[in-house]
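Enquirer: next comes the sequence, and after it the predicted model I'd like to discuss.
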Amino acid sequence: MIQNPDQEELQQALAGLPLGGVRYFERTSSTMDEAAIWLEGGAPDLALVVADEQTAGRGRLGRRWFTAPKASLAFSLILRQVDPRQPSLLTGLGALAVCEALENLYRLKPQIKWPNDVLLNQQKVCGILTESHWQGEQLSGVVIGIGINLAPSSVPPVNAALFPATCVQDHLRVQSGASPQVDRFQLLAAILERLLVWRSRLQATSFIQSWEARLAYRHKTVQIFQALDKEESLLTEGRLEGLNADGNLILRQANGEIQTINFGEIRLRPLSSNGGL
Ligand code: ATP
């Protein structure tokens, strides 16, 4: 079979990792859709789907995720051996792995906007989407989807993003003065490597601590919005204290009471009067 150069590069970059298989697409609707089909057809644990371009990449609640050819990294990893109590931790696993890879490779200082976004300098550079697949009562697998903006053309137009967006290359330029290219498959391998390390330690206190240490707006006041049909309403507001053992968010309200925000379809925003946007 004739491979395109991207595919060869990808195979080389991933050579040392214990993956269950790799499917590469120059263009597809969404790596999440491809992963779901593969899962249904019996994909092994750690099967990976990578796409250069997604025509219908998605975020949570059916929102669009913008992916530009040659400028973004978009992939979905299938996990088959998942404890049904753990899916909520897997979004944190993806976010932590992305942060550590960006730190290790590029000395950047990413932060996690709980629950599913990675920020560089308070701008969104990466989104994570975790989807669970069930066969009756049985959890058949979880897919972790990760989209990262690498080059400027991957950043959606201002009016298409509900939160300011950025890309890795812009931050490397600010940091080094030069405009280095990001080797996306090297970054992919570095993320997968960290993800595999932490996957075996999801129950360890060090996992929650490492995730928590990277939370954006820690000790600041944040607002939590809940999606109701097409509307959003303010659910609560409080000082972001950290995470509990299940990866849920702990807020301290103005009256001193502690409130736990369950991992779910909520949206977090910093309070603008408090160093926010
Ligand atoms: P928010 O990021 O507004 O807090 P969210 O985390 O629920 O919400 P996601 O579902 O993760 O959002 O991602 C979808 C949203 O991200 C879109 O509605 C759009 O605002 C924004 N977006 C889409 N593509 C990109 C991209 N490539 N880079 C940054 N932001 C994007």
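Expert: All right, it came through fine. Numbers count the residues shown, from 1 in each chain.

Enquirer: neighbours around residue 268, how many?
Expert: Applying the criterion other C-beta atoms under 10 Å, we find 21 residues in the vicinity of residue 268. To be clear about C-beta, it is placed using only N, CA and C from the backbone, and glycine gets the same treatment.

Enquirer: of all of the stretch 1-150 of the chain, which residue lies closest to the ligand?
Expert: The ligand sits closest to residue 59 of the stretch 1-150 of the chain, with a gap of 2.4 Å, by C-beta to the nearest ligand atom.

Enquirer: in this structure that residue contacts residue 127, no?
Expert: Yes - the pair formed by residue 59 and residue 127 meets the contact definition of C-beta atoms under 8 Å, at 5.4 Å.

Enquirer: identify the contacts common to those two.
Expert: Both residue 59 and residue 127 are contacted by residue 65, under the criterion C-beta atoms under 8 Å, 6 or more residues apart in numbering.

Enquirer: more crowded one of the two?
Expert: A count of neighbours by other C-beta under 10 Å puts residue 127 above the other of residue 59 and residue 127, at 27 against 17.

Enquirer: let me know whether that one touches residue 113 as I believe.
Expert: No - look at residue 127 against residue 113 with C-beta under 8 Å: they stay out of range, at 9.7 Å.

Enquirer: now for the lengthiest helix in the chain, which elements pack on it?
Expert: Among the segments of the chain that qualify as a helix by DSSP state H, the longest is helix 87-106. Using 3 or more C-beta pairs under 8 Å, 6 or more residues apart in numbering; DSSP states H and E as the contact definition, the elements that helix 87-106 packs against are strand 111-113, strand 117-120, strand 123-135, strand 138-149, helix 168-176, helix 184-199, helix 205-213.

Enquirer: run the last query once more with 6 Å
Expert: Using 3 or more C-beta pairs under 6 Å, 6 or more residues apart in numbering; DSSP states H and E as the contact criterion, the neighbours of helix 87-106 among helices and strands are strand 123-135, strand 138-149, helix 184-199, helix 205-213.

Enquirer: who's in contact with it?
Expert: Surrounding helix 87-106, the residues in contact under the criterion C-beta atoms under 6 Å, 6 or more residues apart in numbering are 108, 110, 112, 115-116, 118, 126, 128, 130, 132, 142, 144, 146, 172, 190-191, 194-195, 198, 202, 210-211, 214, 247, 263.

Enquirer: not counting sequence-adjacent ones, nearest residue to residue 167?
Expert: With sequence-adjacent residues excluded and distances taken as C-beta to C-beta, 6 or more residues apart in numbering, residue 167 is closest to residue 149, at 3.9 Å.

Enquirer: that neighbour: neighbour count?
Expert: With neighbours defined by other C-beta under 10 Å, the count for residue 149 comes to 28.
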